[in-house]
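**Student:** Next one to model:
(chains A and B)
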Amino acid sequence: MNLDRKLLIIGSLWPSFWMACGLSGIVFSAIDPSLITSQIGLTELSHLGAYTIGFFFFWAVCAWSGFFSIIFSRKAINK
Amino acid sequence: MSNNQSDCSVESSLFEKRKKLYPREVHGLFANLRILGVSTLLGIYYLLPWINLNGRQIILFDLPERKFYILNWIFWPQDFIYLALLLICAAFALFLFTALAGRLWCGYACPQTVWTEVFLWIERKVEGSRSQQMKLDKQENNPVKFRIKAKKHAIWAVFSLFTGFTFVGFFTPIRDLAPSILFFELGPWETFWFLFYSLATYGNAGWLREQVCMYMCPYARFQSAMLDKDSLVISYDALRGDPRGSRKKSDDLQAKKLGSCVDCTLCVQVCPTGIDIRDGLQYQCIGCAACIDVCNDVMDKMNYPRNLIKYTTENSMDGKETTFLRPRILIYIALLISILSGVVYSVETRDSVTLNILKDRNSLYRESYDGTINNSYTIKILNMDLVDHSYTLSVSGIEGISSSIKSPIHVKAGSIIEMPLLLSVQPESLQSASNSITMNLQALDDADTTTESEGRFIGPLNP
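**Tutor:** As a prediction, the model looks like this:
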């Protein structure tokens, strides 16, 4: 695996994992995620399932943001 | 090392194919301290979920019920501030210990170090010493090599699975979880987290190892900001050690123009991140002190004074006095003590019951056939105590106000109940369209268990 790809994966997945942990703690202490999942039709989903989906949602969003930050910052540096 | 140089070295090392490290086994004072740290922390991790207090798990993060049980306390989502404050305390503790004694956390207590130590120990037990491991890896694939490798990975996998099981046991009662796993009755989400955490342990401690510390750990990057000239760091005494070179025990060092370092490279061989401490302080050094132990062994064998590699401070190396109680240390200690004591005081004195009043938004008020004005509400009572309670609800603020709830309200320990409430008032008692009322909840069995909540009673514009 070359440097670019390695940095892209580590740089987007790893910090976003910690962000997802923090966000899950803050957001889910205010909102019960199963209230949201039941609103979108996932009524059969257990509480643990709702927390899990919430955590991975935060992780994905933060990773997505990190991914583009790296791409754009690199383009800016190259210019 | 400057930031630019450091970044360049990280980038160039990321280009390279990873060379597997074979840390040599080491014995000595710091190795024993590390074993003590690893055993204590792993003992706490693996045993804690099995300990019960007052009929329930001593630590249980009950996500479905949205309650965290820790020792004798129950924490609710609204207590998140305590978790935030505890995390701030943990951060200050990390700053304090780093400023005092360098990377104590990395070398002795970080989960990555702790689990990697166990995985390395298993690897040594199965594959043998460092040289035997290197020899085995150099061999072409053969049945013996396959058998040894398969055995190691099987033990790693079992250990990882047990770690994953314990992790889930902090969120689901572990005594129920164990039979569920044995009889394959585990729920899908518990199974997911069980396998996810097991895989994370296996990957991080078995495969990634030092790469986590070198490329992924953010703490390694900002630790230099916490170190100063009085912080303990592991350092090689170049004045005493150089020029390095091999020699016989009986050789005269002055005649051979040699320092104390015999250049045996054992300090590099024992290093879990594969650095040479003789090159100076590097961000990859996790402060495990394995190099100190092994170097002291060599010094003993050569009859040289110990501590060629040692815990020291930059000031000490420059011949200056080391000050431990410096302003930043005192500030860290003061902040740590004040936040921690504040948290403990606040937890101990927090209300054991809360009352929330939600006014019905569908109608401001209703007038009944006998002329009384009615307001409807939903009340939520949260019993945060460890015992059941019966409460009485009284309402004040308007003369003659009456409540629809007459009988005592029974709420189980650690439970929340929600119920409708209708308040009625004679119109002549109302002073204005919006009137302030106070609801008081009082436990029947404990005079100290009481809470109040404010609300509004709405009436006609011209009562």
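**Student:** which non-adjacent residue is nearest the residue of the stretch 351-463 of chain B found nearest chain A?
**Tutor:** Nearest to chain A, among the residues of the stretch 351-463 of chain B, is B:Ile416, at 11.7 Å (Cβ to the nearest Cβ). All C-beta spots, glycine's among them, are computed from the backbone N, C-alpha and C. Nearest residue to B:Ile416, sequence neighbours excluded (Cβ to Cβ, 6 or more residues apart in numbering or on different chains): B:Leu382, at 4.6 Å.
**Student:** Specify the local secondary structure of that neighbour.
**Tutor:** Secondary structure for B:Leu382, judged by DSSP: H, G, I helix; E, B strand; the rest coil, is strand.
**Student:** list the contacts for it?
**Tutor:** Contact analysis of B:Leu382 by Cβ atoms under 8 Å, 6 or more residues apart in numbering or on different chains lists B:76, B:353-356, B:411, B:415-416.
**Student:** re the thing from before, the residue of the stretch 351-463 of chain B closest to chain A contacts B:Lys380, correct?
**Tutor:** Yes - if you go by Cβ atoms under 8 Å, B:Ile416 and B:Lys380 touch, sitting 6.1 Å apart.
**Student:** which one of these two has more residues nearby?
**Tutor:** Legend: neighbour count by other Cβ atoms under 10 Å in any protein chain shown for B:Ile416 and B:Lys380, higher for B:Ile416 (17 against 14).
**Student:** what's in contact with the host helix or strand of B:Asp137?
**Tutor:** Using DSSP states H and E, B:Asp137 sits in helix B:130-138. The contact list for helix B:130-138, computed with Cβ under 8 Å, 6+ apart, reads B:20, B:22-25, B:123-124, B:127-128, B:145, B:148, B:269.
**Student:** helices or strands up against the helix or strand just after that helix?
**Tutor:** Later in the chain than helix B:130-138, the nearest helix or strand by DSSP H and E is helix B:143-169. Where contact means 3 or more Cβ pairs under 8 Å, 6 or more residues apart in numbering or on different chains; DSSP states H and E, helix B:143-169 is packed against helix B:29-47, helix B:111-127, helix B:174-182, helix B:188-201.
**Student:** so where is the chain shaky, pLDDT-wise?
**Tutor:** Answering for chain A, as no chain was given. Low-confidence regions of chain A, defined by pLDDT under 70, span residues A:1-3, A:78-79.
**Student:** Can you look at chain B instead?
**Tutor:** Scanning chain B residue by residue, the ranges that satisfy pLDDT under 70 are B:1-18, B:462-463.
**Student:** how about 50 then?
**Tutor:** B:1-3 (pLDDT under 50).
**Student:** Enumerate every residue touching B:Gly397.
**Tutor:** Contacts of B:Gly397 (Cβ under 8 Å, 6+ apart): B:435-438, B:457.
**Student:** What's the ChimeraX line that selects buried ones from the contacts of helix B:130-138?
**Tutor:** A single ChimeraX command selects the buried members of the contacts of helix B:130-138 (16 or more other Cβ atoms under 10 Å in any protein chain shown):
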select /B:22,23,24,123,124,127,148,269
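**Student:** between the contacts of helix B:130-138, which is nearest B:Pro188?
**Tutor:** Closest approach between the contacts of helix B:130-138 and B:Pro188, by Cβ to Cβ: B:Glu123, at 33.3 Å.
**Student:** Near the spatially closest residue to the closest one that is not a sequence neighbour, how many other residues are there?
**Tutor:** Counting by Cβ to Cβ, 6+ apart, B:Glu123 lies nearest to B:Lys152, which is 6.0 Å off, once chain neighbours are set aside. Around B:Lys152 there are 19 other residues, counting by other Cβ under 10 Å.
**Student:** ok, B:Lys152 touching B:Arg124?
**Tutor:** No - at 9.9 Å, B:Lys152 does not count as touching B:Arg124 under the criterion of Cβ under 8 Å.
**Student:** Overlap in contacts, those two.
**Tutor:** Applying Cβ under 8 Å, 6+ apart, one finds that no residue jointly contacts B:Lys152 and B:Arg124.
**Student:** Residue numbers of chain B in contact with chain A?
**Tutor:** Taking Cβ under 8 Å from any Cβ of the partner chain as the contact definition, chain B meets chain A at B:11, B:14-15, B:63-64, B:66, B:77-78, B:80, B:83, B:171-172, B:187-190, B:192-193, B:215-216, B:218.
**Student:** If we use 10 Å, what do you get?
**Tutor:** With Cβ under 10 Å from any Cβ of the partner chain as the criterion, chain B comes near chain A at residues B:10-17, B:62-66, B:75-81, B:83-84, B:87, B:168, B:171-172, B:187-190, B:192-193, B:196, B:200, B:211-212, B:215-218.
**Student:** Now stretch B:345-359: buried residues?
**Tutor:** So stretch B:345-359, judged by 16+ other Cβ under 10 Å, has buried residues B:352-355, B:357, B:359.
**Student:** Adding secondary structure, write the residues you listed out as CSV.
**Tutor:** Shown next, in CSV, are these (three-state DSSP):
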residue, secondary structure
B:Ser352, coil
B:Val353, strand
B:Thr354, strand
B:Leu355, strand
B:Ile357, strand
B:Lys359, strand
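**Student:** which of the residues of chain B next to chain A count as buried?
**Tutor:** B:10, B:14, B:62-63, B:66, B:75-76, B:79-80, B:83, B:168, B:171-172, B:187, B:189-190, B:192-193, B:200, B:211-212, B:215-217.
**Student:** In helices, which of those residues appear?
**Tutor:** Counting by DSSP state H, those place B:10, B:14, B:80, B:83, B:168, B:189-190, B:192-193, B:200, B:211 in helices.
**Student:** Quick check: of these, which lies closest to B:Pro179?
**Tutor:** Using Cβ to Cβ, B:Glu190 is the member of those that lies nearest B:Pro179, at 12.7 Å.
**Student:** for stretch B:166-183, the distance to its chain's centre please.
**Tutor:** In terms of Cα atoms, centre = their mean, to the nearest Å, the centre of stretch B:166-183 is found 21 Å from the chain centre.
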